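Enquirer: Here is a sequence together with a model predicted from it:
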Amino acid sequence: AGKSGSAKAARAGKASVDDLGDEDVSNPMALFTAGIDACAAEQYPLCHRKFAAFMKAYPTFSEGYTNTAYALERMGRLGEALETYEAGLLAMPGEKKIIHPYVNTLQAAAMKAFEAGDYATAESVYKALVPLIPDNEDALVNLGTIQERLQHYAEARRTYIRATKKNPDSIKPLNMLCRLLLTEVSGASAGRFDINNEARRESFELAKTYCGQAIAVDPDDATANMNVGMLYKDALEFGIAVTHLQRAAVKMPDDPVILSNLASALSRLGDVPEALRIQARLAKITNTPSAWFSIGTMSAPYNRSYEPGKDGHRRGIEMHVTAVAPSAGAPCKTRRAVVYWQNSTEAQVATLDTAAADPFGFLVPQSHGTLDQEIPNLYHDKTTVAVTLADVFVEGAGGVVYGPCEVYAMQGYNTDVPRDFAGTADSTVEITEPVIYMLHKSMNNHYHWIAEGFGRLLLARERFGTDMKILLPSKTFASNVWEALKSVGVSTAGAIAYDLAPGKRYHLTTLHTVDWVPTSAAPDDNDLWSDYLPSRLALFKVREFAEARMQTRAPRQRPPVVYISRKGVREVIDEHILTSLLKKLLGSNLFIFAANNEEKIPVHTLSDQIDLFSGVQLMFGPHGAGLVNMVFAPRNATVAEFTMSPHCNRCFGYMAAALGLDYWVIPEVSCFYHVKYQMTQSKAHAVARTVAHILRGKGLEHLLVRPELVRDEL
């Protein structure tokens, strides 16, 4: 009722008077009885009118307020019902006959707002509710849950802690608090990734305390054990993690979160057979592609950082699956799924180039603003290898490639083992001519195709010749991939689709591919997502292809500055603030790279994009696939990227270093990887200042149509 109580009481009173109509207020008890009868008959407008008139005579009679509010609630006028209760509490503070139904109505209002996604309203209602029932821990837990939905994490933490203090022996608020702290430790919830390492350590210590209290309350509680298991898994203490996750699995044997974390922790402990058993159970329960995929990737290491071998090279970790060899001969007791081709005992691997142990470049990320985080500037090249496999099979929608005793996978794309894959098939198609395998089904979007697939294709055809078929996924295949294939003479007839129905497979006499493997396990590589980065040799092949293609095109004027727009994850909210300023600053020298660009210039095909970026002097924008087009840019071009917080993927810094391009970051515009950038006037001016500074440094100040709009200094 608080500060706005008198205003609400006045509004409630006015509503009552307005609804009196011709009611006779001289006999209040008759009005009361008539109101009761009307409500019983579900005639709520009449019921409301009778009680509103009754309240004129008896303004301190609790049933008058409660029945009036009840009628309003039934009429769908929930806000007025709440105001009527609040007016009653102003007239009769602490009246339990009003508080009890008021609490029920508040809970209904909060639930309605919550289910509608109106978390702000739900929070305000619960904040009014909690003081009325101060000993009700469920109200505090619900308030904390709503605050999490609003990403008010600090408030949610305080609310949960209040709930734990109300009843230290209640496990529910302890589990909720523990789970919230876990998101801060692991960064598993949007909005929590911006906290620094010190804050994470603090959250970890708090999580150990409160999660431990939950275990002390009930050592066998599944949720408490799951939370503790996930906590210690994130802390790399896998033995403790497995103990608690196994205990949780006893109570909740089909819970996907418990099973996936247990399988992951077991694999890190080296118990791969048990990890595979758990993962297979998870896959059968969820029947999702990712679950089946993980069966083939149980060796995928933590934080994408592979364990270095004694020689300093990163090695794939073997997994073992009991199976019968698909070809004639004695059965294999195990079949290995190998992460890298060079680990195979059956593949012939030839080195195309040998990268030095030293990095191929120090690329200092330049910034006109002040960086709020350290971005490592060391980039390591990879060794490019040509691989030949003889007498192999291809099966399943994931294009599983296997020999008598091994399952093969390209660097970064471990075997996607389908649930019906058993190493045998009812129907086999024999292919005796050579085949190239260079494109996993996950590589068909623009970034992966340009950065990985196309370079593989060019190197493979250079190494093995052009007179061979290409193994490709047939479904959801990007048009720009087909365009590139046709540009080097590959027709539809020259492709073999590996989207095979269950029970069918190809038997290939010879299968070729090109791949690359890291030459270093340096810590600086941890945030490069190295699985998705090609060797410098592959990038140069794509660049040379684009340069040769442009020599056949008629010369024309191309925009020297390209801003790359983006939709979806990491798009720029209120982007018009930035683009309107850039248009004033650069005029016709600016091109906004977007599918629906104002200039109506086509940018959909690979040819369009090669043509556009071949003349660029500065390309910049949010972290996203469009920046991969730097491979088509002139060798004196500059690339600038909006940072992430943390800047967890330096792939475009790697590519710029490999290609020898000038590379900048713009720290004023930043967001976490899975969310969106937010543009403001001050951020837009920071971007514009950086653009002007770069162009002046390149001797291109004449491209600034209105230089007075920005100052070079910050």
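Expert: Perfect, I can see it now. Numbers count the residues shown, from 1 in each chain.
Enquirer: need the helix or strand of this structure with the lowest average pLDDT.
Expert: strand 319-321 (a mean of 31; mean pLDDT, DSSP states H and E).
Enquirer: May I have the residues that are in contact with residue 546?
Expert: 610, 614, 631, 632 (CB atoms under 8 Å, 6 or more residues apart in numbering). Yep, even glycine has a C-beta here, placed from its N, CA and C like the rest.
Enquirer: of those residues, closest to residue 507?
Expert: residue 631 (36.4 Å; CB to CB).
Enquirer: looking at this, the closest one is in a strand?
Expert: No - the assignment for residue 631 (DSSP: H, G, I helix; E, B strand; the rest coil) gives helix, which keeps it out of a strand.
Enquirer: Quick one, grab the pLDDT at it.
Expert: pLDDT, residue 631: 97.
Enquirer: rewinding a little: what is the nearest of the contacts of residue 546 to residue 366?
Expert: residue 631 (20.1 Å).
Enquirer: was I right about that closest one contacting residue 449?
Expert: No - applying CB atoms under 8 Å as the test, residue 631 and residue 449 come out as separate, 11.4 Å apart.
Enquirer: Who are the contact partners of residue 666?
Expert: Taking CB under 8 Å, 6+ apart, one finds 367, 368, 369, 620, 640, 641, 642, 643, 686, 687, 690 in contact with residue 666.
Enquirer: Roughly how far does it sit from residue 587?
Expert: According to CB to CB, to the nearest Å, residue 666 and residue 587 sit 21 Å apart.
Enquirer: cool, residue 607 as well?
Expert: For residue 607, the distance to residue 587 - CB to CB - is 27 Å.
Enquirer: Please apply the same query to residue 620.
Expert: 17 Å.
Enquirer: Repeat that for residue 669.
Expert: 22 Å.
Enquirer: The two: which is more packed in?
Expert: residue 669 (23 against 12; other CB atoms under 10 Å).
Enquirer: what about the more buried one, which SS state?
Expert: Classified using three-state DSSP, residue 669 is strand.
Enquirer: now residue 428
Expert: On the basis of three-state DSSP, residue 428 is classed as strand.
Enquirer: which among the contacts of residue 546 end up buried?
Expert: Buried subset of the contacts of residue 546 (neighbour count, 16 or more other CB atoms under 10 Å): 610, 614, 631, 632.
Enquirer: Farthest-apart pair in the residues you listed, please.
Expert: 614 and 631 (10.7 Å).
Enquirer: sorry, back to before: just give me the closest of the buried ones among the contacts of residue 546 to residue 467.
Expert: Looking across these and measuring by CB to CB, the closest to residue 467 is residue 610, at 26.4 Å.
Enquirer: low pLDDT regions in the stretch 451-600 of the chain?
Expert: 474-480, 502, 518-531, 555, 595-600 (pLDDT under 70).
Enquirer: same thing but 90
Expert: For the stretch 451-600 of the chain, the stretches with pLDDT under 90 are 451-457, 460-506, 512-536, 549-558, 568-569, 594-600.
Enquirer: Which stretches in the stretch 601-714 of the chain count as helices?
Expert: 606-613, 651-659, 681-697 (DSSP state H, counting those that start in this stretch).
Enquirer: ok, now the stretch 1-150 of the chain?
Expert: 5-18, 28-40, 44-57, 62-74, 78-91, 96-115, 119-129, 137-149.
Enquirer: Pull out the buried residues from the following helix or strand past the last one.
Expert: Right, helix 137-149. Sequence-wise, the next helix or strand downstream of helix 137-149 (DSSP states H and E) is helix 153-166. For helix 153-166, the neighbour count (16+ other CB under 10 Å) marks 153, 155, 156, 157, 159, 160, 161, 162, 163, 164 as buried.
Enquirer: Next: stretch 84-100.
Expert: Those would be 84, 85, 86, 87, 88, 89, 90, 91, 92, 95, 98, 99, for stretch 84-100 by 16+ other CB under 10 Å.
Enquirer: measure the closest residue to the last one other than its chain neighbours to residue 150 for me?
Expert: Nearest residue to residue 99 in three dimensions, chain neighbours excluded: residue 132, at 5.7 Å (CB to CB, 6 or more residues apart in numbering). Residue 132 is 22 Å from residue 150, where distance means CB to CB.
Enquirer: what does residue 464 give?
Expert: Taking CB to CB, one finds residue 464 at 57 Å from residue 150.
Enquirer: Pick out whichever of the two has more residues nearby.
Expert: residue 464 (18 against 14).
Enquirer: Point out where the stretch 301-450 of the chain drops to low pLDDT.
Expert: 301-428, 436-450.
Enquirer: And for stretch 112-121, what's in contact with it?
Expert: Contact partners of stretch 112-121, identified using CB under 8 Å, 6+ apart, comprise 78, 109, 122, 125, 146, 149, 150.
Enquirer: Now a ChimeraX select for only the buried ones of the residues you listed.
Expert: Entered in ChimeraX, the line below selects the buried ones among the contacts of stretch 112-121, by 16+ other CB under 10 Å:
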select :78,109,122,125,146
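Enquirer: And the strands in the stretch 451-600 of the chain, which stretches?
Expert: Taking DSSP state E, counting those that start in this stretch, the strands of the stretch 451-600 of the chain run over residues 469-472, 495-497, 504-518, 561-564, 572-573, 590-593.
Enquirer: List the neighbouring strands of the longest one plus their orientation.
Expert: If I follow you right, that is strand 504-518. strand 382-395 (antiparallel), strand 427-431 (parallel), strand 435-437 (parallel) (DSSP bridges).
Enquirer: Enumerate the positions of the helix or strand just after the first one that are buried.
Expert: Think strand 382-395. Next along the chain after strand 382-395, taking DSSP H and E as the criterion, comes strand 400-402. The neighbour-count check on strand 400-402 (16+ other CB under 10 Å) flags 400, 401, 402 as buried.
Enquirer: Once you drop chain neighbours, what's closest to the last one?
Expert: Closest residue to residue 402 in three dimensions, ignoring its sequence neighbours and counting by CB to CB, 6+ apart: residue 393, at 5.6 Å.
Enquirer: Can you name the two of the buried residues of helix 153-166 that sit furthest apart?
Expert: 153 and 164 (16.4 Å).
Enquirer: Now tabulate the strands of the stretch 451-600 of the chain in a markdown table and tack on distance to residue 660 and mean neighbour count.
Expert: As requested, the strands of the stretch 451-600 of the chain are exported to a markdown table (distance: least, CB to CB, whole Å; neighbours: other CB atoms under 10 Å):
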| stretch | distance to residue 660 | mean neighbour count |
| --- | --- | --- |
| strand 469-472 | 30 | 21 |
| strand 495-497 | 34 | 17 |
| strand 504-518 | 18 | 23 |
| strand 561-564 | 19 | 24 |
| strand 572-573 | 28 | 19 |
| strand 590-593 | 22 | 22 |
